[in-house]
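> need coordinates for the following:
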Amino acid sequence: MSTPVEPDLIGLTFLHADYEELVDARPDYDRAELFYNGMIEEKYASPKVAQLLNRFGLNDFPSFNLAHIAVDALTDYLHLNSVTVENNALDNVLDDLRDANDLDEEIPELLKNASKLGDAYLFVWPDTDTDGNTIGVRMEQQDPRVARVFYSPENPTVMDRALQSWETGHKETLRIRANIYYADHIERWSHKGKVPKDPKRAKWEPFSEDGAPAYIPNPFGQVPYFHYRTARPYGIPLHINAYGPQLAINKLVTSHLATVDYQSFPQRYALVNPGADLSGPQAGDFTPEHPLDGMSPEAPMPSQLDSSPAALWNLEGYSQVGQFEAADPDAFLKPFDRYIKAMAQATQIPFQAFDSTGDAISGESRRVANEPLYNRVEALQRSFGSALRRAFGFALSVLDEPEADITINWKPARNINDLQGWQTLILKRQMGVPDDVLLAEAGYNSADIDQWLAAQPEPIPTVPDVQNQVSQVGDALEGVATNDDSA
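Numbers count the residues shown, from 1 in each chain. Modelled structure (predicted):
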């Protein structure tokens with residue numbers, strides 16, 4: 001390995017360009033999170049419509065969020081059962097890593113963030129005491145708006161470096177901090193104030209004000225970042241194709257809510273007859289010229305309009321009355337259903353995940369409908385599992401533990417729990433399909449299958465054996481019933 005060069009000589013080569021790429025990627029991650037949380041701002045073609053909805057208090061109405069289902073429908077199947085090694089002596093080490101870093105809580109959140117944003121990172125580095133001795137390993141999740149990795153242009157599968165950047169202070173005291181992680185060293189930088197776009201105007205300086213050096217050797221020969229992504233080289237939010245339908249649904253719901261009041265309390269009108277005589281008692285009872293009749297203008301007056309059934313309302317001066325019809329709810333509800341279907345089609349998520357009120361379907365039909373979903377879940381398990389395996393392997397090397405074959409055990413996405421499904425498996429077994437394959441197809445994980453088959457003293461009974469046992473039990477019960485009758 002070549003001798004690392006001091007950061008003031010090579011660090012600026014990548015620093016500014018990497019920082020700009022990190023900053024440019026942030027809006028897309030922000031947008032993905034807003035759509036997932038249902039907090040995307042609605043836009044209207046007409047300013048008058050926006051003003052009208054603002055008057056009704058609907059401009060800030062929470063959206064009818066369905067886009068998150070495109071993420072949750074997949075992550076609900078991402079259950080990590082265990083991380084195991086062949087060397088049983090390392091089980092306690094893995095348990096310590098999990099407990100010290102709260103990985104039982106952090107890993108599910110890491111996988112959800114990777115699915116929601118497209119990218120997420122796990123930073124792995126030694127945890128040291130005041131004397132610099134390694135006492136553990138830090139395994140920390142990092143947001144893609146704070147960290148970004150960069151791959152070799154010659155070999156896109158090799159991680160070349162990673163950048164971590166954050167802000168401290170405010171206004172006059174604002175500082176941009178940045179750490180660059182290479183396979184052989186780490187550089188720490190600082191910039192006073194906002195970083196200008198022009199690299200010639202940027203004034204990055206090595207940072208060592210906290211007592212640690214600006215240049216730190218990396219003795220592990222590897223960038224200590226592990227990339228969880230839904231695509232390569234950088235991920236795509238799993239619900240990105242739901243953005244359009246979600247915006248349409250938001251507009252429909254908001255517009256419908258603006259008309260609900262008019263459906264409950266319609267606006268009414270009365271057309272005045274221009275030739276009507278309006279000098280009667282309804283028109284001017286309390287004009288200055290009206291004779292005193294012992295009634296005070298300030299006192300409540302009895303209504304001349306009786307609301308009882310079959311009563312006749314005498315409306316003087318009006319030729320016609322009526323009410324304005326509110327917008328037909330079907331104008332909103334029918335497109336609403338269509339946009340939900342469009343969201344399911346665009347995101348390739350089964351429609352029943354968005355609408356569970358339809359007719360119940362059989363287990364086999366549901367499995368067929370969910371097959372694309374299962375394939376996508378298994379693809380995510382392979383991608384995320386590879387990053388997890390490398391992260392735990394690096395953590396063991398930091399602790400100077402021997403290399404180990406790490407296995408990531410997921411809860412299977414597919415499972416069979418209905419009679420028809422099990423009958424199909426039994427028929428497959430009669431055709432010679434091995435038991436471990438059938439149990440895996442039924443949805444059991446490989447560790448449990450190996451344990452069960454190893455502990456199985458006798459071959460699993462075939463269909464005829466089961467039928468014979470059922471027949472014998474039936475004959476015995478019939479014999480008991482015959483003896484009772486004879487007695």
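
> from residue 34, how far out is residue 159?
To residue 34, residue 159 is 29 Å away according to C-beta to C-beta, to the nearest Å. Where you see a C-beta, it was placed from the backbone N, CA and C, and this is true even at glycine.

> I meant to write residue 334 there.
From residue 334 to residue 34 the distance is 27 Å (C-beta to C-beta).

> more neighbours: which of the two?
Remark: of residue 334 and residue 34, residue 34 carries more neighbours, 15 against 12, as counted by other C-beta atoms under 10 Å.

> for that one, give its distance to residue 167.
Here the criterion is C-beta to C-beta. By it, residue 34 lies 21 Å from residue 167.

> what's the answer for residue 154, then?
For residue 154 relative to residue 167 (C-beta to C-beta), the value is 33 Å.

> higher neighbour count, the two?
Shown here are residue 154 and residue 167; by other C-beta under 10 Å, residue 167 has more neighbours (12 against 7).

> surely the more buried one forms part of a helix?
No. Membership of residue 167 in a helix is not supported by DSSP: H, G, I helix; E, B strand; the rest coil, which gives strand.

> pLDDT wise, what is the residue nearest to residue 389 when sequence neighbours are not counted at?
Nearest residue to residue 389, sequence neighbours excluded (C-beta to C-beta, 6 or more residues apart in numbering): residue 406, at 4.9 Å. For residue 406, the pLDDT comes out at 92.

> repeat for the one 5 residues further on
Confidence at residue 411, expressed as pLDDT, is 85.

> that one and residue 75, how far apart?
12 Å.

> the two - which one has more neighbours?
In terms of neighbours (other C-beta under 10 Å), residue 75 is the more surrounded of residue 411 and residue 75; the figures are 18 against 15.

> for the more buried one, give me its contacts.
111-112, 115 (C-beta atoms under 8 Å, 6 or more residues apart in numbering).

> give me the subset of those lying in helices.
Members of these lying in helices (criterion: DSSP state H): 111-112, 115.

> just put those residues in CSV and tack on distance to residue 30, neighbour count and pLDDT.
Shown next, in CSV, are those (distance: C-beta to C-beta, whole Å; neighbours: other C-beta atoms under 10 Å; pLDDT from 0 to 100):
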residue, distance to residue 30, neighbour count, pLDDT
111, 20, 23, 97
112, 17, 18, 97
115, 16, 25, 97
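
> of these, closest to residue 455?
Ranked by distance to residue 455 (C-beta to C-beta), the ones in helices among the contacts of residue 75 are led by residue 111 at 32.1 Å.

> which residue ranges of the stretch 251-400 of the chain form helices?
281-284, 330-347, 363-398 (DSSP state H, counting those that start in this stretch).

> all strands for this structure, in order.
80-85, 119-128, 134-142, 147-151, 159-168, 175-181, 185-192, 205-206, 215-217, 225-229, 268-272, 318-323, 406-410 (DSSP state E).

> mean confidence score for the fourth one?
For strand 147-151, the per-residue pLDDT values average out at 98.

> which strands or helices does that strand pack on?
Counting contacts by 3 or more C-beta pairs under 8 Å, 6 or more residues apart in numbering; DSSP states H and E, strand 147-151 is packed against helix 12-37, strand 119-128, strand 159-168, strand 225-229.

> okay, those, which one's buried deepest?
The highest mean neighbour count among those, using mean count of other C-beta atoms under 10 Å, belongs to strand 225-229: a mean of 25.

> adjacent strands (with direction) for that strand?
strand 119-128 (antiparallel) (DSSP bridges).

> next, the angle strand 147-151 makes with the strand it pairs with.
100 degrees (axes from the mean of the first three to the mean of the last three C-alpha atoms, to 10 degrees).

> how far off centre is strand 119-128?
Strand 119-128 has its C-alpha centroid displaced from the chain centroid by 23 Å (C-alpha atoms, centre = their mean, to the nearest Å).

> same check, this time on stretch 80-93
Its chain's C-alpha centre and that of stretch 80-93 lie 29 Å apart, by C-alpha atoms, centre = their mean.

> buried ones in that stretch?
Using 16 or more other C-beta atoms under 10 Å as the test for burial, stretch 80-93 gives 80, 83-85, 90, 93.

> give me the contacts around that stretch.
Outside stretch 80-93, the residues within contact range by C-beta under 8 Å, 6+ apart are 94, 98, 107-108, 111, 388, 392, 396, 399, 401-402, 404-411, 445, 447.

> likewise stretch 96-105?
By C-beta under 8 Å, 6+ apart, stretch 96-105 touches 83, 127, 136-140, 392, 395.

> what do you get for stretch 365-382?
73-74, 77-78, 111, 115, 230, 348-350, 352, 361, 410, 413-414, 416, 421.

> how about a cut-off of 10 Å?
The set of residues external to stretch 365-382 that reach it, using C-beta atoms under 10 Å, 6 or more residues apart in numbering, is 73-80, 111, 114-115, 228-230, 238, 348-353, 360-362, 385, 388, 408, 410-416, 418, 420-421.

> restricted to buried residues, select those in PyMOL.
A single PyMOL command selects the buried members of the contacts of stretch 365-382 (16+ other C-beta under 10 Å):
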select buried, resi 73+74+75+77+78+80+111+114+115+228+229+230+238+349+350+352+353+385+388+408+410+412+413+414+415+416+421
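
> low-confidence stretches in the stretch 1-150 of the chain?
Filtered on pLDDT under 70, the stretch 1-150 of the chain yields the residue ranges 1-11, 42-63.
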